[in-house]
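[1] Please find the sequence and the predicted model below.
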Amino acid sequence: MKIRQTEQAVDEDIIEVDGIDFKPNTGNFKITVSTGCTLLDLIISGLRLKGGGLPSGILIEVYGPTGVGKTAILSEIAGSVQYRGGEVKFLDPEARLDQQYAEIYGMELNKNNYTMPKTVPQVFEEIKSFRPKNTGIANAVCTDSLAALSTDLELDSGDAMGMRRAKEFSAGLRKTCVEIKENNFIIACSNQIRQSQYGEVTPGGMGIPFYASLRIKLFPTKGGQVTKRVKIKEDHATGLVGEFEKVTGNKVGFQITKSSLDEPWRKGFFYLMFGYGIDDIRTCLQYNKEMTSQTKYDCCGNDKWYVSLDKAVDYVEKHQLQEALRNKTIYLWEAIQKALTDERDPKIRR
C-alpha cells in the first residue's frame, strides 16, 4: 500500500507508506478510561462498550481553536489514567500547564512525568523511553500541543514551508504505532486549526490524521457562555447593593471527525467550568432535558425537578445522585441510537 499526498502549504505533508497495509488501531476495550464527560464517552464508543470511554492502545488528536478546552480534555484523560493506577507523562511544549491547573483535574505532576520538549523528535524520544511499571492497565502520554513543536532544522536555519516537521511526525508515528498498541498506551495530543488554500488543516501535516484512531474537533457554541448572576438587596457588612454577574464557564461543542473505534461524525457538547473542569453533572442534566423536551431539569431523585440548572446541579451533588443521573444519560443515548439504527437483512454475496 502506498500513500502519497503533496500539498504546498505551511502545515501539509508528504506521506509515503510503502509495503505496509496499515490500519489505525481499533483499541483494547478491556482496558479503558473516561474522558470525564459521560456524553463524550458515549459518542466515542457507546456502541462498543456500555457507557463508552477511551480504549487503550490508540493515538488521539483533539483539535480546535484556542481557548476551547483542548487542554482540559487531555488533563481529564491524564487524571482518569492516574486515578485508575496508571502512569502519565505530560509533555508541554507551550509551557503553560502549572500545578494548580493540574490539581483541578486530579493530576499529579512532578519532574519525572512532566517535560517541555521543543522539537518533534524529542516527543517521540519521550514516548520511546516511557516504561510504566504496570502495562496491564492504561498508561498515557499527553502532548499539549503539537502546533508548538519545532524541528532542529527550523531552530537552526528555518523551515518556512513546515515540510521537515511534517516528515518527522510521519516517520515517528510509523515507528511507534505498534508500540502504542502492544503496550496499551493512550497517546493523546492536542492541536490547533489553521486555514490554508486547501481549507481547514491541523499543524504537523497528514501523518497525525492518518495514524490517529480517534480525532475530536472542539468548537465554541452559539451563546455558549455560562453566566452566574446574583442580586443583593443590601449587605450591611459590605454596603453592596445591586445585581452582579460573571462568566463562569463555556458550553463547548464537539464532533468525532475520524474513528476506528465506533461510528464517526457524531456530535455533542459539554460544559467547561472555570476552576472546576468538565462539568459532567451540568452536561448530563442539560442533555437529558433536551432529549426529553422537558421544561425543567430532572435530578433523578425524589421526583425533584428544577427550572434553574444551577439549582439542579446543587441538588444532584448534595444528594449524591451523580450515578443515577449518568445512568439516565446512558439509557437515553442508547434509546436514541436504537431508534436511529436501520434493521436490515444480511447482505447477499455473489
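    Arrived safely, thanks for sending.
[2] For the stretch 201-350 of the chain, which segments are assigned as strands?
    214-232, 242-259, 267-273, 277-279, 297-298, 305-306 (DSSP state E, counting those that start in this stretch).
[3] Kindly reformat the ones you listed as a markdown table containing distance to Val33 and mean neighbour count.
    All C-beta spots, glycine's among them, are computed from the backbone N, C-alpha and C. Listed next are the strands of the stretch 201-350 of the chain as a markdown table, based on distance: least, C-beta to C-beta, whole Å; neighbours: other C-beta atoms under 10 Å:
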| stretch | distance to Val33 | mean neighbour count |
| --- | --- | --- |
| strand 214-232 | 13 | 15 |
| strand 242-259 | 17 | 16 |
| strand 267-273 | 16 | 21 |
| strand 277-279 | 14 | 23 |
| strand 297-298 | 28 | 22 |
| strand 305-306 | 31 | 16 |
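[4] Same list, those strands, but as CSV with distance to Tyr63 and mean pLDDT please.
    Converted to CSV, those look like this (distance: least, C-beta to C-beta, whole Å; pLDDT from 0 to 100):
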stretch, distance to Tyr63, mean pLDDT
strand 214-232, 6, 95
strand 242-259, 9, 97
strand 267-273, 15, 98
strand 277-279, 17, 97
strand 297-298, 32, 98
strand 305-306, 35, 98
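[5] For my notes, please list the ones you listed in JSON lines and give distance to Ala138 for each entry.
    Output for the strands of the stretch 201-350 of the chain, formatted as JSON lines (distance: least, C-beta to C-beta, whole Å):
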{"stretch": "strand 214-232", "distance to Ala138": "14"}
{"stretch": "strand 242-259", "distance to Ala138": "18"}
{"stretch": "strand 267-273", "distance to Ala138": "21"}
{"stretch": "strand 277-279", "distance to Ala138": "18"}
{"stretch": "strand 297-298", "distance to Ala138": "33"}
{"stretch": "strand 305-306", "distance to Ala138": "36"}
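[6] which stretches of the protein aren't confidently modelled?
    1-23, 152-162 (pLDDT under 70).
[7] how is it carved up into domains?
    Domain assignment of the chain by automatic domain parsing yields the ranges 28-221+248-275, 280-350.
[8] Quick check: nearest residue in space to Val230, chain neighbours excluded?
    Once flanking residues are discounted, Val230 sits nearest to Phe244: 5.3 Å by C-beta to C-beta, 6 or more residues apart in numbering.
[9] contacting residues around the one you found?
    The contact partners of Phe244, taken as C-beta atoms under 8 Å, 6 or more residues apart in numbering, are Arg229, Val230, Lys231, Ile232.
[10] Can you tell me how far it is from Asp310?
    Phe244 is 15 Å from Asp310, where distance means C-beta to C-beta, to the nearest Å.
[11] same deal with Asn250?
    Relative to Asp310, and taking C-beta to C-beta, Asn250 is found at 15 Å.
[12] likewise Asp342?
    Asp342 is 40 Å from Asp310, by C-beta to C-beta.
[13] who has more neighbours, those two?
    Using other C-beta atoms under 10 Å as the criterion, Asp342 and Asp310 rank with Asp310 on top: 14 against 4.
[14] all helices of the chain, in order?
    Secondary structure of the chain (DSSP state H): helices at 38-45, 70-83, 99-104, 120-129, 152-156, 163-182, 207-211, 280-292, 309-318, 322-340.
[15] elements contacting the first one?
    The elements that helix 38-45 packs onto, with contact taken as 3 or more C-beta pairs under 8 Å, 6 or more residues apart in numbering; DSSP states H and E, are strand 54-56, strand 214-232, strand 242-259, strand 267-273, helix 280-292, helix 322-340.
[16] Does anything pack onto the shortest one? Which helices or strands?
    Strand 54-56 is packed against strand 28-33, helix 38-45, strand 185-191, with contacts defined by 3+ C-beta pairs under 8 Å, 6+ apart.
[17] What strands flank the first one, and is each parallel or antiparallel?
    For strand 28-33, the paired strands and their directions (DSSP bridges) read strand 54-56 (antiparallel).
[18] Most distant residue from the centre of this protein?
    Relative to the C-alpha centroid of the chain, counting by C-alpha atoms, centre = their mean, His236 is the outermost residue, at 46.3 Å.
[19] okay, now the nearest residue to Tyr276 once chain neighbours are set aside: neighbour count?
    Nearest non-adjacent residue to Tyr276, counting by C-beta to C-beta, 6+ apart: Ile104, 6.7 Å away. Using other C-beta under 10 Å, Ile104 has 17 other residues around it.
[20] from what I can see Ile104 touches Gly275, true?
    Yes - taking C-beta atoms under 8 Å as the definition, Ile104 is a contact partner of Gly275 at 6.6 Å.
[21] before we move on, back to that, please name whichever of the strands of the stretch 201-350 of the chain is nearest to Pro121.
    Ranking the strands of the stretch 201-350 of the chain by their distance to Pro121 (criterion: C-beta to C-beta) puts strand 214-232 first, at 23.2 Å.
[22] picking that back up, so which of the domains of the chain is the most surrounded?
    Highest mean neighbour count of the domains of the chain: domain 28-221+248-275, a mean of 19 (counted as mean count of other C-beta atoms under 10 Å).
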